[in-house]
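In: Here is a sequence together with a model predicted from it:
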Amino acid sequence: MNSFDKNILGEAPELKAILRSAQIIAATDVTVMLQGESGTGKELLARAIHNESQRHDAPFIAINCAALPESLAESELFGHGKGAFTGADAHNMGRIHAASGGTLFLDEVAELPLNVQSKLLRFLESGECQRLGETSTQRVDTRIISATHIDLLKRVEAGTFRDDLYYRLNVVPLEIPPLRERSGDIRMLLGALTVQLATQYQLSVPTYSKEAMAKLESYNWPGNVRELRNLCERMLILMAGKKIDIDNLPAEIKASQQSRQPGNIFEIPDEGIRLDEVEQVLINNALSKANGNRSKAARLLGLTRDTLLYRIKKYAIN
């Protein structure tokens with residue numbers, strides 16, 4: 001069993017398509033940008049790519065760029081010499097050097113300060129790394145995988161993220177689907193995560209009533225897999241070996257509305273409609289909502305990417 005199957009649970013075709021691409025990518029040193037909402041498992045996917053690459057015996061180092069103080073971001077990534085600034089009492093190799101031969105995962109990369117972005121771009125283009133307070137550069141063989149949950153192009157347009165760095169990081173983008181778009185995975189994940197946690201805590205596995213399960217499957221899961229895991233842990237601790245009903249679920253889930261059924265979304269007017277025109281409008285709306293990302297637009301429409309591309313060509317949609 002490879003790292004993808006072992007650490008990233010799910011059978012939804014939307015997820016499996018991403019994992020197949022990730023397995024191909026793992027065999028190369030290409031720079032990867034992981035996109036997806038918070039809690040979808042971007043770091044897990046980055047680790048799996050590293051573990052299945054030729055770099056698996058070297059370090060995998062993860063850093064949350066949003067947690068770096070702006071004044072220390074450059075030093076944390078590139079290192080500094082002794083005396084480079086007030087308080088620099090010892091030499092620091094930096095995270096890029098620490099991950100030499102392996103992979104550095106830059107989570108929340110959009111939050112990097114502009115001055116650090118320029119140095120990261122130079123490293124990506126030349127492989128050269130210059131420590132703060134030193135004049136010489138060193139060549140470092142570190143693969144960069146970055147991640148973000150926001151639209152980086154909007155940051156580029158706003159002038160807070162360099163466009164040249166964006167394109168250098170975004171050589172191969174992978175977008176992890178949110179849990180609400182992963183067909184049928186909620187029930188499977190609920191069972192698998194509960195068993196894992198029950199083994200960890202040495203507690204009896206609870207069961208879920210049909211009504212509770214239906215409520216969970218209709219919930220939007222804004223926190224994605226992380227939120228689902230937290231629910232499993234809470235229910236296991238509080239309801240070990242018992243049957244869980246709707247009344248036992250968290251308030252935010254109990255208060256959520258049932259998903260609309262497809263039959264209630266549209267009503268055909270008395271004069272009728274042209275189906276091809278409606279289809280073109282829906283495709284354009286999906287592409288707009290997905291900011292032009294055709295894979296995401298296909299998921300919004302419940303289509304495969306190939307089917308969407310066929311229909312885009314059919315209707316000559318730009």
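Out: Nice, I can see it. Numbers count the residues shown, from 1 in each chain.
In: for the nearest residue to residue 164 once chain neighbours are set aside, what are its contacts?
Out: Take residue 164 and drop its neighbours on the chain: the residue closest to it by C-beta to C-beta, 6 or more residues apart in numbering is residue 121, 6.0 Å away. For every residue, glycine as well, the C-beta is placed using N, CA and C. Residue 121 sits next to 162, 164, 165, 168 when contact means C-beta atoms under 8 Å, 6 or more residues apart in numbering.
In: CSV for those residues, including neighbour count and pLDDT?
Out: Compiled in CSV, the contacts of residue 121 are given as follows (neighbours: other C-beta atoms under 10 Å; pLDDT from 0 to 100):
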residue, neighbour count, pLDDT
162, 18, 96
164, 13, 96
165, 23, 97
168, 18, 96
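In: Mind checking which of those residues land in helices?
Out: 164, 165, 168 (DSSP state H).
In: Break down the chain into its strands, ranges please.
Out: 32-35, 60-64, 103-107, 128-129, 138-139, 143-148, 172-175, 207-208, 243-244 (DSSP state E).
In: Could I get those strands in JSON lines, plus columns for distance to residue 316, mean neighbour count and mean pLDDT?
Out: Shown next, in JSON lines, are those (distance: least, C-beta to C-beta, whole Å; neighbours: other C-beta atoms under 10 Å; pLDDT from 0 to 100):
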{"stretch": "strand 32-35", "distance to residue 316": "28", "mean neighbour count": "24", "mean pLDDT": "96"}
{"stretch": "strand 60-64", "distance to residue 316": "44", "mean neighbour count": "18", "mean pLDDT": "97"}
{"stretch": "strand 103-107", "distance to residue 316": "39", "mean neighbour count": "24", "mean pLDDT": "98"}
{"stretch": "strand 128-129", "distance to residue 316": "46", "mean neighbour count": "18", "mean pLDDT": "88"}
{"stretch": "strand 138-139", "distance to residue 316": "49", "mean neighbour count": "13", "mean pLDDT": "90"}
{"stretch": "strand 143-148", "distance to residue 316": "32", "mean neighbour count": "25", "mean pLDDT": "97"}
{"stretch": "strand 172-175", "distance to residue 316": "26", "mean neighbour count": "18", "mean pLDDT": "93"}
{"stretch": "strand 207-208", "distance to residue 316": "48", "mean neighbour count": "18", "mean pLDDT": "96"}
{"stretch": "strand 243-244", "distance to residue 316": "52", "mean neighbour count": "16", "mean pLDDT": "97"}
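In: Tell me which of the ones you listed sits nearest to residue 318.
Out: Nearest of those to residue 318, taken as C-beta to C-beta: strand 172-175 at 20.8 Å.
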